[in-house]
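Asker: Output the structure for:
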Amino acid sequence: MIMLATALTVVAIVAADQTALRAAPRDSAAQQAVLWQGDSLEIRGEKGDFLQVYDHRRERAGYIRTTQVRVQSLKPEAAPELLAVLRFLKEAPGSEALGVAYAAAYLRAAPAEAIGPEIFDALGVMSDRLARRASAGRSGKPGEATAAHLEVVAAYGVTMTTFERDGQVQLCANGDPQRRVLALPSTDIQKAIAALALTRHECVSPALTPVERYALDQWRTEVLDRVELAKLPEVLKNRIRLRSAGVWASLAYQRARRPELGMQAVQEAANRAIDHLAAINKTELMETDAAAYSDAAIRVGASRWSAVPATPASTGKAAKLTVVTSPGQPGETCVALVDAKHDAGNPLASRCTYGIVWPASAAANADGSALALAVQTGDTWREMWVFKKQANGWSVDILPPGLDTPNLGYVEFAGWVPGGKEMLAAREVKVDGRYRQSFEVLSLATLETRKAADRPASLSTFYRWQSPLWKAGTIAVR
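Answerer: Below you'll find the model as predicted:
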């Protein structure tokens, strides 16, 4: 990290935003620059109520009121005082730039043997909080004060990675303090907080290649597995489990895209995801974690079929309506709908996809006129294909979880309604920042929703005809 000039033994740290650096020691003097909390200044003199200072970041000299800065010694004996202030600022939202300035001053003042994980824990918490605040603006870019704070902390070496996601600018801390926390003899709580910051889902760049994404998800599971849960508070245990569930679910999808790893590796990852979600202590789930719980559930729900062994299609004369998969163009999987009279060479219908097809999910209705199939096109997005017999032959329709850009959601078959005109589906999706869950009765002809409820018991048709196999394996009922 870039810290303070080594020759300085005393610095002035700006305490408030939009502080004027003036050309002369009076309030009416011309303004040389606008300073922000956390800016560090070299003291070159004093005149009345003003300090004569030099701003190395902007290469500007000037005067600033003494009350607008905090004069701090950088000698070893001042380290405990700096650390005490840092402990206060660590938990003060909006003061991250000032906290980083004090962390830099402490690292300059403290003897090497006195520097432990606490300082890096504080730096990690503040940098992560600043990144979240910078990414939370509705306009898609940080406000003036937040942008200025980002420039201040960058001068101390706290950098951010930036990329665009869903039309918004996403900022994430570089994670260096958190990696130091994990490498040092830190407490279990410090390691848990560091692991949560390093494994944020929103900080996974959408521009990663499949190889890079697989390696990142593998690394994220290793980071989370290093956290000892036994002595953690229940609230923190829940947060680690929620994050682990989402990361393992993503890894299950990434492993499924690499056939050389084998189905056992895929099932292992999927089962780890399901186990973490099932281990959540709901009585200790905080209101602030409700969104994280819904997020984790959708991620696990999207990948849940990867925990089920593939069921090979029967090829005998008594074969029922089912599907057979085969390779298509590079990266493609082709699905053939077959029965006793039609094999893969002469299918009833066929369609290819670059997604992951889960043959075990294939469910045909009683009279063999329709079949539902789960197809996962992303680690957090699973669609339902519906093969239907019509007057002019067979067709296949695709039902996505939502109509927006594929992001976070799944829709799954939940049962057939007698009569051959309706089917049941469960859906969970994130739309405009909100999580929605619904249990629906669909028209088989159009796949339009005829009835919907937020619980299966609230919809008599759904409650009566829901599939026992679906109810036993779904994540939607939890």
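Asker: CA only for contacts and neighbour counts going forward, please
Answerer: Noted.
Asker: host element of the residue nearest to Ala310 when sequence neighbours are not counted?
Answerer: Distance criterion Cα to Cα, 6 or more residues apart in numbering; nearest residue to Ala310, sequence neighbours excluded, is Ala360 at 5.0 Å. Using DSSP states H and E, Ala360 sits in strand 356-364.
Asker: Is Ala145 in contact with Ala16, as I believe?
Answerer: No - assessed by Cα atoms under 8 Å, Ala145 is found out of contact with Ala16, at 10.8 Å.
Asker: and Ala290, what is it in contact with?
Answerer: Counting by Cα atoms under 8 Å, 6 or more residues apart in numbering, Ala290 touches no other residue.
Asker: same check, this time on Ala426
Answerer: Neighbouring residues of Ala426 by Cα under 8 Å, 6+ apart: 411-414, 437-440, 476.
Asker: Which of the residues you listed fall in strands?
Answerer: 411-414, 437-440 (DSSP state E).
Asker: Quick check: what element follows the longest helix seen in the chain along the chain?
Answerer: In the chain, taking DSSP state H as the definition, the longest helix is helix 234-256. Next helix or strand after helix 234-256 toward the C-terminus (DSSP H and E): helix 263-278.
Asker: mean confidence for that following helix?
Answerer: The average pLDDT for helix 263-278 rounds to 97.
Asker: what does it contact?
Answerer: Contacts of helix 263-278 (Cα under 8 Å, 6+ apart): 241-242, 244-249, 251-253, 255-256, 296-297, 300, 303-304, 306-309.
Asker: Of all the residues in stretch 283-296, which ones are buried?
Answerer: 285, 292-296 (16 or more other Cα atoms under 10 Å).
Asker: and which of those is nearest to Leu74?
Answerer: Ala292 (41.7 Å; Cα to Cα).
Asker: ok, now which ones touch Pro206?
Answerer: By Cα under 8 Å, 6+ apart, Pro206 lies in contact with Arg165.
Asker: tell me the SS of it?
Answerer: Secondary structure, DSSP: H, G, I helix; E, B strand; the rest coil: Pro206 is coil.
Asker: Give me the distance between it and Asp404.
Answerer: 17 Å (Cα to Cα, to the nearest Å).
Asker: Arg304 now?
Answerer: Distance, Arg304 to Asp404, by Cα to Cα: 22 Å.
Asker: out of the two, which sits in the busier spot?
Answerer: More crowded of Arg304 and Asp404, by other Cα atoms under 10 Å: Arg304, with 24 against 11.
Asker: what distance separates stretch 438-452 from the middle of the whole chain?
Answerer: Here stretch 438-452 is found 31 Å from its chain centre; the criterion is Cα atoms, centre = their mean, to the nearest Å.
Asker: quick check: mean pLDDT across it?
Answerer: 96.
Asker: Wasn't Ala215 part of a strand?
Answerer: No - counting by three-state DSSP, one finds Ala215 to be helix, located in no strand.
Asker: For it, grab the count of nearby residues.
Answerer: Ala215 - counted by other Cα under 10 Å - has 13 other residues nearby.
Asker: Over to the one 4 residues further on?
Answerer: A total of 14 residues lie near Trp219 under the criterion other Cα under 10 Å.
Asker: From here on, call the first residue 48.
Answerer: All right, first residue 48 from here; so that's Trp266.
Asker: tell me the helices in the stretch 298-447 of the chain, going along the chain?
Answerer: For the stretch 298-447 of the chain, helices defined by DSSP state H, counting those that start in this stretch occupy the ranges 310-325, 337-350.
Asker: Most tightly packed of these?
Answerer: Sort the helices of the stretch 298-447 of the chain by mean neighbour count, taking mean count of other Cα atoms under 10 Å, and helix 337-350 sits at the top with a mean of 24.
Asker: on that earlier part again, of the ones in strands among the contacts of Ala473, closest to Ser505?
Answerer: Closest to Ser505, out of all of those and judged by Cα to Cα, is Phe486, at 9.1 Å.
Asker: Now the phi/psi pair for the closest residue to the closest one other than its chain neighbours, please.
Answerer: Nearest non-adjacent residue to Phe486, counting by Cα to Cα, 6+ apart: Ala473, 4.6 Å away. The phi and psi torsions at Ala473 (degrees, to the nearest 10) take the values phi -120, psi 140.
Asker: Specify the beta-bridge partners of Ala473.
Answerer: Here Ala473 sits in beta bridges with Glu459, Phe486, going by DSSP bridges.
Asker: Tell me who's in contact with the most centrally placed residue in the chain.
Answerer: Centre of the chain computed as the mean C-alpha position; nearest residue by Cα atoms, centre = their mean is His248, 1.8 Å away. Residues in contact with His248 (Cα under 8 Å, 6+ apart) are Val294.
Asker: and it, how far is that from Arg212?
Answerer: Counting by Cα to Cα, the gap from His248 to Arg212 is 12 Å.
Asker: quick one on the thing from earlier: put the alpha carbons of the strand holding Ala407 into PDB.
Answerer: Only the C-alpha atoms of strand 403-411 are listed here, as PDB (Å, rounded to 0.1, in the frame of the first residue of the first chain):
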ATOM      1  CA  ILE A 403     -27.200 -27.900 -19.000                       C
ATOM      2  CA  VAL A 404     -30.000 -30.400 -19.600                       C
ATOM      3  CA  TRP A 405     -31.100 -32.400 -16.500                       C
ATOM      4  CA  PRO A 406     -32.600 -35.700 -17.900                       C
ATOM      5  CA  ALA A 407     -33.600 -36.800 -14.400                       C
ATOM      6  CA  SER A 408     -36.100 -33.900 -14.300                       C
ATOM      7  CA  ALA A 409     -38.100 -35.200 -17.300                       C
ATOM      8  CA  ALA A 410     -41.800 -35.700 -16.200                       C
ATOM      9  CA  ALA A 411     -44.400 -36.900 -18.600                       C
END
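Asker: any idea of the angle that strand forms with helix 337-350?
Answerer: Angle of strand 403-411 versus helix 337-350, following axes from the mean of the first three to the mean of the last three Cα atoms, to 10 degrees, is 80 degrees.
Asker: pLDDT averaged over strand 403-411, what's the number?
Answerer: Strand 403-411 comes out at a mean pLDDT of 96.
Asker: ditto for stretch 517-525
Answerer: The model assigns stretch 517-525 a mean pLDDT of 93.
Asker: Closest to Asn393 out of the contacts of Ala473?
Answerer: Using Cα to Cα, the contacts of Ala473 come closest to Asn393 at Phe460, 26.2 Å.
Asker: what about the closest one, distance to Ala473?
Answerer: 7 Å.
Asker: And the strands in the stretch 98-247 of the chain?
Answerer: Using DSSP state E, counting those that start in this stretch, the strands of the stretch 98-247 of the chain run over 107-112, 116-120, 207-212, 215-220.
Asker: Of all the ones you listed, which one is nearest Thr372?
Answerer: Nearest of the strands of the stretch 98-247 of the chain (Cα to Cα): strand 207-212, 33.3 Å.
Asker: and the protein, what are its domains?
Answerer: Per the record, the chain has its domains at 157-353, 359-520, by automatic domain parsing.
Asker: Can you check the distance spanned by the first one, start to finish?
Answerer: The one in question is domain 157-353. So domain 157-353: terminal residues 52 Å apart, Cα to Cα.
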